[in-house]
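Trainee: dropping a prediction and its sequence here:
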Amino acid sequence: MYSDQSYSRVGAGPRIFGLTLLVLVLAVGGALWFDFLGLVEVTDFFAPVLRWFRLQPREETVEVEDPVLLADSRLAKREEALQISLDELAQRQSTLDARELELAETADQLREMESALADRENSVNQRLRQVENERAALVRLSTYLTNMPPRDAVEILVNYGDQTLLDVLLVTDELADDAGQQSLVPYWLSLMPADRAATIGEKLEMLPEIYGADERSGSE
């Protein structure tokens with residue numbers, strides 16, 4: 001009975017203040033406890049109050065990297081980048097070497113082709129000069145024989161081989177055709193021995209049609 005009366009004599013204001021103070025103490029204590037556990041960070045906020053009660057706030061541990069480790073890490077990265085560059089340069093050098101070898105082989109092939117073409121050109125030129133010389137000789141011989149009496153010319157012609165005789169007769173026909181004159185070839189053949197004339201006539205038949213036609217017209 002006494003206690004109820006004593007409690008009733010305490011006003012509502014002190015009770016509210018006490019409860020508020022209790023709540024604040026619990027809140028501050030809980031916040032500091034959570035800060036100690038590392039769940040929240042309120043040390044800087046309560047630092048002045050802690051210093052007032054001569055309590056040191058929890059110092060944050062800042063991880064400071066070792067300068068030697070940093071230098072080693074940077075050096076390792078530079079070495080890695082340098083190795084990559086060296087690998088790329090080696091690959092490019094290998095490609096250039098292969099390309100250079102290919103170009104050298106191509107150049108050798110071109111030189112061989114040029115040499116072969118030069119040899120062929122020289123051979124063709126020599127053959128052309130030979131043909132020109134042979135034709136010039138045949139033209140001179142045909143002119144010489146044409147200006148001779150036909151029987152004397154035939155005595156010379158029958159001593160030639162078949163190929164030489166054919167060449168002289170063909171050139172004689174060409175020269176007479178170019179000059180618009182009658183060729184002496186049919187008359188020469190008529191003065192030759194029959195067997196020789198027949199052999200040469202058969203070979204003339206196998207030559208271009210103009211000579212066969214000339215020979216046939218002369219025979220007729």
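Mentor: Received it, and whenever you're ready, just let me know what you need.
Trainee: show me the helices in the chain, by range?
Mentor: All helices of the chain, identified by DSSP state H, fall at 2-9, 12-37, 43-52, 67-146, 150-157, 162-179, 185-191, 194-205, 209-219.
Trainee: any idea how far the residue nearest in space to the middle of the chain lies from residue 135?
Mentor: Note on the chain: the residue nearest the mean C-alpha position is residue 99, at 8.5 Å, using CA atoms, centre = their mean. Going from residue 99 to residue 135 by CB to CB, to the nearest Å gives 52 Å. To be clear about C-beta, it is placed using only N, CA and C from the backbone, and glycine gets the same treatment.
Trainee: low-confidence ranges in this protein?
Mentor: 1-11, 28, 30-66, 208-220 (pLDDT under 70).
Trainee: can you list the domain ranges for it.
Mentor: Following automatic domain parsing, one gets these domains for the chain: 16-60, 63-136, 148-219.
Trainee: nearest to residue 142, of those domains?
Mentor: domain 148-219 (4.4 Å; CB to CB).
Trainee: just the CA trace of stretch 120-138, in CSV.
Mentor: Output in CSV follows, covering the C-alpha atoms of stretch 120-138 (Å, rounded to 0.1, in the frame of the first residue of the first chain):
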residue,chain,number,x,y,z
ARG,A,120,63.9,-18.5,-127.8
GLU,A,121,63.9,-15.0,-129.4
ASN,A,122,67.6,-15.4,-130.4
SER,A,123,66.7,-18.8,-131.9
VAL,A,124,63.8,-17.4,-133.8
ASN,A,125,65.9,-14.5,-135.0
GLN,A,126,68.6,-16.8,-136.1
ARG,A,127,66.1,-19.0,-137.9
LEU,A,128,64.5,-15.9,-139.6
ARG,A,129,67.9,-14.7,-140.7
GLN,A,130,68.6,-18.2,-142.0
VAL,A,131,65.3,-18.4,-143.9
GLU,A,132,65.9,-14.9,-145.3
ASN,A,133,69.4,-15.8,-146.4
GLU,A,134,68.1,-19.1,-147.9
ARG,A,135,65.3,-17.2,-149.7
ALA,A,136,67.7,-14.6,-150.9
ALA,A,137,70.0,-17.4,-152.3
LEU,A,138,67.0,-19.0,-153.9
